[in-house]
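**Student:** quick one, what's the 3D model for this:
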Amino acid sequence: MRDDRVAYVPRLLRALVRADELWLVMLAAAVGCAAGLLVGAMSHATLLAHRLLFAAPGIGRISGLGAIAPARAILVPTLGGLLLGLLGVWVTRRVPGRPVDPIEANALHGGRMSIRDSAIVAVQTVLSNSVGASVGLEAGFTQIGAATGSRLGRMFRVRREDLRLLVGCGAAGAIGAAFDAPLAGAFYAFELVIGTYSLANLAPVAAASVSAIGVAHLLHSTVPGVSVVLPAALRMDDYLPIATLGIVAALLGVGLMYCVTLAEMLFRRSGLPVWMRPAIGGLVVGLLALASPSVMSSGHWAMRVALEHAMPTGQVLALLVMKALASSVSIGAGFRGGLFFASLYLGVLTGAAFGGGLALISATPLSAELCALVGMSAMAVAVVGAPMTMVFLALEMTGSLPLTAAVLVASVISSLTVRRTFGYSFATWRFHLRGESIRSAVDIGWIRTLTVGRMMRHDVKTLCQDTTVQAARRAYPLGSGQRIVLVDQAGRYVGLVLVPELYAESALPDETLARFAQYRDQMLTPQMNLREAIARFEQAESDALVVVDSAEGRQVRGMLTEQHALRRYSEELDRSRRELAGEKGPSA
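**Tutor:** Predicted coordinates:
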């Protein structure tokens, strides 16, 4: 990750934020205000683009339209994809490297994000959504909001745990402003970006979410709530189909994630230039939009239409397939965006189709609106991996407690199903495909930064492997040490000799030490992290190993004991435990 240059604020202000929790809450509120401002600007920019490019009436929500002019439906996504592809090539050449997203930043980099990289992601996301690609804006919202929190935190030189918290505050503000839902925004941060909930983190995250929503209201960028009729209460036998719907939505969510991966693989193997792939993806989305414009953009307004107007089950299933295909092709082709918004619409369609099928076989079926909202939440949990976020979002959207209970059941079932069958959310699945072992935003960066080179002893004496036992006994009297490091004439590591073995009756004085060498190929290198070192100790079944410059060079650099490595590991785990519990440690 590239590190932007940061101008620090005056020392007095930095000291206030580090010393007083109240000032940290105020800084979090400022992060929320900035996130709300950015979300409003991005939302208005995309709606303006929809009005200009697609001649969309009103405020410019294209996914809720009945039809779009065929020429616009095909040309705008195709040419827009071509522009995005060329922009991507230019960015790759001018700004090499890969942007770090909020989950990865908090898990591996202590909350450090590049504001420049994040701004590029935000611009690419706005462009992708503006030309009708079937992607949501939430990836850009959270990226730029979290990066703003990271930048402000670094300006104030806050502690590592506080910097991670401010990254979460930026994401909370972004999601809260996007949905006009402060609780959903806060728990999005807790579940996905911070990685845990604690009382100490509640005030800053809540302040950021509420502040962002206040700014969004001032900018008139919030989306009006949906109007649905829901049952006043649920019967006990209603929870069986609700749980079944949770399983169905989870399996479809897993299928959607596989489809995105398959689309990416097909585009990579197609032989098409990278800059041309978004144009092909845009053409596919445009052709699908000829059948229904609901496949375009994030699908937020299409979700409202599906909730407020009943549709035949056959039509619902057709829209479900087309939207899933459009989203998979859009992301696979290289458009920037996320699946959060798309998963909400797909979940509504899943729930509506499930409710339609249930009405055919049950004398007392669930209402279509209830099934649609439960399906929405369960599908989003499967894709995004945030059950409590969806529970609170359903509550804030409708104010219905019976629905909230149903959503809680379906979300838990969906989460369990995905964990047992797949094991990843969409974000962590992408990390897995890149080879990163990240399952959440819980801070594991210390494992990678705590290297063998930082822990090893440098004062290691060596002996040549041709040294005789008698000479070694003079240099190492019994009780003076435990191990001797052997090297060859070129100084390359040969093995370890245990000093007590030199005093055994079978050890002849004229023998060379080479005969007693152990652990000849069991070595550590300075670049190994703590976890790799502990695994090497277990593999070698040794309580100490030599550190060499590389497996090829084998020049001795130091030694590390298993006891010291485990002690450092225990210390870092205890520090992480205290952070998760909200306990403040010493200044970092």
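**Student:** isn't Val31 right next to Ala208, touching?
**Tutor:** Yes - counting by CB atoms under 8 Å, Val31 does reach Ala208; the two are 5.3 Å apart. Glycine gets a C-beta too; all of them are placed from N, C-alpha and C.
**Student:** neighbour-wise, which of these two wins?
**Tutor:** Neighbours were counted for Val31 and for Ala208 using other CB atoms under 10 Å; Ala208 has more, 38 against 34.
**Student:** intersection of neighbour lists for Val31 and Ala208?
**Tutor:** 149, 169-170, 173 (CB atoms under 8 Å, 6 or more residues apart in numbering).
**Student:** most neighbours, which of those?
**Tutor:** That'd be Gly173 among the shared contacts of Val31 and Ala208, by other CB under 10 Å, with 42 neighbours.
**Student:** that one in helix, strand or coil?
**Tutor:** helix (DSSP: H, G, I helix; E, B strand; the rest coil).
**Student:** list the contacts for it?
**Tutor:** Counted by CB under 8 Å, 6+ apart, Gly173 has contacts 31-36, 39, 145, 185, 208-209, 211-212.
**Student:** go on, Thr512?
**Tutor:** Residues near Thr512 by CB under 8 Å, 6+ apart: 465-469.
**Student:** that one pairs with what?
**Tutor:** The partner list for Thr512 in beta bridges (DSSP bridges) reads Thr468.
**Student:** just the pLDDT for it.
**Tutor:** At Thr512, the model reports a pLDDT of 90.
**Student:** can you pull out the residues in contact with the host helix or strand of Arg454?
**Tutor:** For Arg454, the host element (DSSP states H and E) is helix 452-455. Outside helix 452-455, the residues that touch it by CB under 8 Å, 6+ apart are 524-530, 533, 547, 557, 560, 564-565, 568.
**Student:** okay, and which of those map to strands?
**Tutor:** Those of the contacts of helix 452-455 mapping onto strands are 524, 547, 557, 560, per DSSP state E.
**Student:** out of those residues, who has the most neighbours?
**Tutor:** Result: Leu524 is most packed of these (other CB under 10 Å), 26 neighbours.
**Student:** could you pull up the residues touching that residue?
**Tutor:** Contacts of Leu524 (CB under 8 Å, 6+ apart): 452, 456, 533, 536, 545-548, 560.
**Student:** got TSV for the residues you listed, with pLDDT and distance to Ser425 too?
**Tutor:** Below are the contacts of Leu524 laid out as TSV (pLDDT from 0 to 100; distance: CB to CB, whole Å):
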residue	pLDDT	distance to Ser425
Val452	89	32
Met456	90	37
Ala533	88	30
Arg536	89	31
Leu545	93	37
Val546	94	41
Val547	94	38
Val548	94	40
Leu560	92	36
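**Student:** list the buried residues in the next helix or strand after the helix holding Arg454.
**Tutor:** Next helix or strand after helix 452-455 toward the C-terminus (DSSP H and E): strand 462-464. Neighbour counts using 16 or more other CB atoms under 10 Å place Leu463 of strand 462-464 among the buried residues.
**Student:** parallel or antiparallel, which strands does strand 462-464 pair with?
**Tutor:** strand 483-487 (parallel).
**Student:** which SSE is immediately downstream of the strand it pairs with?
**Tutor:** Later in the chain than strand 483-487, the nearest helix or strand by DSSP H and E is strand 493-498.
**Student:** before we move on, the earlier item: from the contacts of Leu524, which is closest to Phe516?
**Tutor:** Val546 (15.0 Å; CB to CB).
**Student:** for the closest one, give me its contacts.
**Tutor:** 460, 485, 493, 496, 519, 523-524, 556, 558-559.
**Student:** please redo it, this time with the cut-off set to 7 Å
**Tutor:** If you count contacts by CB atoms under 7 Å, 6 or more residues apart in numbering, Val546 has them with 485, 493, 496, 523, 556, 559.
**Student:** give me the neighbour count for the residue nearest to the fourth one when sequence neighbours are not counted.
**Tutor:** Nearest non-adjacent residue to Met523, counting by CB to CB, 6 or more residues apart in numbering: Val548, 4.9 Å away. Applying other CB under 10 Å, we find 19 residues neighbouring Val548.
**Student:** from Glu571, how far out is Val548?
**Tutor:** 26 Å (CB to CB, to the nearest Å).
**Student:** equivalent analysis for Ser209, please.
**Tutor:** 34 Å.
**Student:** between these two, which is the more surrounded one?
**Tutor:** A side-by-side neighbour count of Ser209 and Glu571, using other CB under 10 Å, places Ser209 first with 32 against 12.
**Student:** I'd say that one and Gly170 touch.
**Tutor:** No - judged on CB atoms under 7 Å, Ser209 makes no contact with Gly170 at a distance of 10.4 Å.
**Student:** what ranges do the helices span in the stretch 351-500 of the chain?
**Tutor:** 368-384, 387-398, 401-421, 426-433, 445-449, 452-455, 469-475, 499-502 (DSSP state H, counting those that start in this stretch).
**Student:** closest to Gly80 out of those helices?
**Tutor:** helix 426-433 (23.3 Å).
**Student:** helices of the stretch 201-350 of the chain, start to end?
**Tutor:** Under DSSP H, counting those that start in this stretch, the stretch 201-350 of the chain gives helices at 239-269, 277-291, 300-308, 313-333, 340-361.
**Student:** can I get those in CSV with mean neighbour count?
**Tutor:** Rendered in CSV, the data for the helices of the stretch 201-350 of the chain read as follows (neighbours: other CB atoms under 10 Å):
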stretch, mean neighbour count
helix 239-269, 19
helix 277-291, 23
helix 300-308, 21
helix 313-333, 22
helix 340-361, 25
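**Student:** ok, of these, where does mean pLDDT dip lowest?
**Tutor:** Among the helices of the stretch 201-350 of the chain, helix 300-308 scores lowest, at a mean of 87.
**Student:** how close does Leu252 get to Ala380?
**Tutor:** From Leu252 to Ala380 the distance is 12 Å (CB to CB).
**Student:** also Pro57?
**Tutor:** 29 Å.
**Student:** so for the two, which residue has more residues nearby?
**Tutor:** Ala380 (29 against 10).
**Student:** quick check: chain neighbours aside, which residue is closest to that one?
**Tutor:** Ser343 (4.6 Å).
**Student:** need the residues that contact stretch 87-101.
**Tutor:** 1-2, 109, 113-114, 117-118, 120-121, 143, 274-275, 334.
**Student:** neighbour-wise, which of those residues leads?
**Tutor:** Neighbour-wise, the contacts of stretch 87-101 (other CB under 10 Å) top out at Met113, 32 neighbours.
**Student:** settle this for me: that one is touching Gly149, isn't it.
**Tutor:** No - using CB under 7 Å, Met113 is not in contact with Gly149; the gap is 8.4 Å.
**Student:** what's the overlap in contacts for those two?
**Tutor:** Val167.
**Student:** tell me the phi and psi of Ala504?
**Tutor:** phi -70, psi 160 (degrees, to the nearest 10).
**Student:** if I look at it, what pLDDT would I see?
**Tutor:** Value for Ala504, per-residue pLDDT: 84.
**Student:** swap in the one 4 residues further on?
**Tutor:** Predicted confidence (pLDDT) at Leu508: the value is 87.
**Student:** repeat that for Val499.
**Tutor:** Reported pLDDT for Val499: 87.
**Student:** that older thread, take the helices of the stretch 201-350 of the chain and write them to TSV, including distance to Leu27.
**Tutor:** Listed next are these as TSV, based on distance: least, CB to CB, whole Å:
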stretch	distance to Leu27
helix 239-269	36
helix 277-291	38
helix 300-308	31
helix 313-333	34
helix 340-361	27
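**Student:** where does the stretch 351-500 of the chain dip in pLDDT?
**Tutor:** Within the stretch 351-500 of the chain, the stretches with pLDDT under 70 are 435-449, 480-481.
**Student:** bridged to Leu498, which residues?
**Tutor:** Arg483.
**Student:** ok, it - how many residues close by?
**Tutor:** 13.
**Student:** use 846 as the first number from now on
**Tutor:** From this message on, residue numbering opens at 846, which makes the last subject Leu1343.
**Student:** how close does it sit to Pro1086?
**Tutor:** 68 Å.
**Student:** got it, and Leu882?
**Tutor:** Taken as CB to CB, the span from Leu882 to Pro1086 is 43 Å.
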